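In: prediction below, plus the sequence it came from.
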Amino acid sequence: DAKTTQPPSMDCAEGRAANLPCNHSTISGNEYVYWYRQIHSQGPQYIIHGLKNNETNEMASLIITEDRKSSTLILPHATLRDTAVYYCIVSGGGSNYKLTFGKGTLLTVNP
Amino acid sequence: DTEVTQTPKHLVMGMTNKKSLKCEQHMGHRAMYWYKQKAKKPPELMFVYSYEKLSINESVPSRFSPECPNSSLLNLHLHALQPEDSALYLCASSDRDRGTKQETQYFGPGTRLLVL
């Protein structure tokens, strides 16, 4: 599986957009980008995933660069409840069952 | 409904005890997973069951014994654990998207295990 690189921590003001970057320069053509988050002491929560097109759902938007070497998760209006560790994971390409979690980004939303 | 339930929420056991963790999903998912998460670390995959058969064992010690009695249930039997096995044990389930062939995993809340 391709490895990902994320900043260890980020801050965001409540009500503002939170933009979380992820680098995955070794991603292969059939691998997807997944985002999960984990609020303290809870199980990881699925957010969104994509292959090459931008994706949007009720939780967030996922922007993938044209070369697919990086992506950005956007939470359009962050709330205090969005404070969590956000994991960017590359998966698929024959290892569809494996989610290899990296260290993630601790997003702290401040009032 | 994307709910995976796990029982118990907390468990304290001695090194000579035998205990079991239970995971249940009613989404019709065909794959189920056990992960282990140590404090301040990311989750690590332990086992994967697909169609009730063990398909991946990530070189987990034999003191952890998984069991999939049916398509909705997944157990993790614990025996002779060590204090370093204290962790949050997470269960997940997934089903394959027919179009993309991708498995999107949904996690339960976890069981926090303390081994004394």
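Out: Great, that's in hand. Everything quoted here is computed from the prediction, not taken from an experiment. Residues are numbered from 1 along each chain as shown, chains lettered A, B, ... in the order given.
In: any chance you could map the strands in the chain?
Out: Here I'm looking at chain A. Remark: strands assigned in chain A by DSSP state E are A:9-13, A:18-23, A:31-38, A:45-50, A:55-56, A:61-64, A:70-75, A:84-92, A:105-110.
In: could you do chain B instead?
Out: B:4-7, B:10-13, B:18-25, B:31-37, B:44-50, B:53-57, B:64-70, B:73-79, B:87-94, B:106-107, B:111-115.
In: show me where the chain dips below the pLDDT cut-off.
Out: No chain was given, so I picked chain A. Residue ranges of chain A with pLDDT under 70: A:1-2, A:93-95.
In: you answered for a different chain; I wanted chain B.
Out: In the predicted model, chain B carries pLDDT under 70 at residues B:1-2.
In: which parts of it sit against chain A?
Out: Contact residues, chain B versus chain A (C-beta under 8 Å from any C-beta of the partner chain): B:2, B:4, B:31, B:33, B:42-45, B:48, B:50, B:55-56, B:88, B:90, B:92, B:94, B:96, B:100-110, B:112. Placement of C-beta: from N, CA and C, glycine included.
In: thinking again about what came up before, ok, which of the strands of chain B comes nearest A:R37?
Out: Nearest to A:R37, of all those, is strand B:106-107, at 10.8 Å by C-beta to C-beta.
In: give the pairing partners of that closest one; include direction for each.
Out: With DSSP bridges as the test, strand B:106-107 is paired with strand B:87-94 (antiparallel).
In: how far is the strand it pairs with from where the chain is centred?
Out: Relative to the centre of its chain, strand B:87-94 is centred 4 Å away, using C-alpha atoms, centre = their mean, to the nearest Å.
In: got a list of contacts for it?
Out: Outside strand B:87-94, the residues that touch it by C-beta atoms under 8 Å, 6 or more residues apart in numbering or on different chains are A:41, A:43-44, A:97, B:4, B:6, B:21, B:23, B:25, B:27, B:29, B:31-39, B:43, B:74, B:76, B:103-108, B:110-113.
In: got a markdown table for the strands of chain B, with mean neighbour count too?
Out: Below are the strands of chain B laid out as a markdown table (neighbours: other C-beta atoms under 10 Å in any protein chain shown):
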| stretch | mean neighbour count |
| --- | --- |
| strand B:4-7 | 18 |
| strand B:10-13 | 14 |
| strand B:18-25 | 19 |
| strand B:31-37 | 24 |
| strand B:44-50 | 20 |
| strand B:53-57 | 12 |
| strand B:64-70 | 15 |
| strand B:73-79 | 19 |
| strand B:87-94 | 25 |
| strand B:106-107 | 24 |
| strand B:111-115 | 18 |
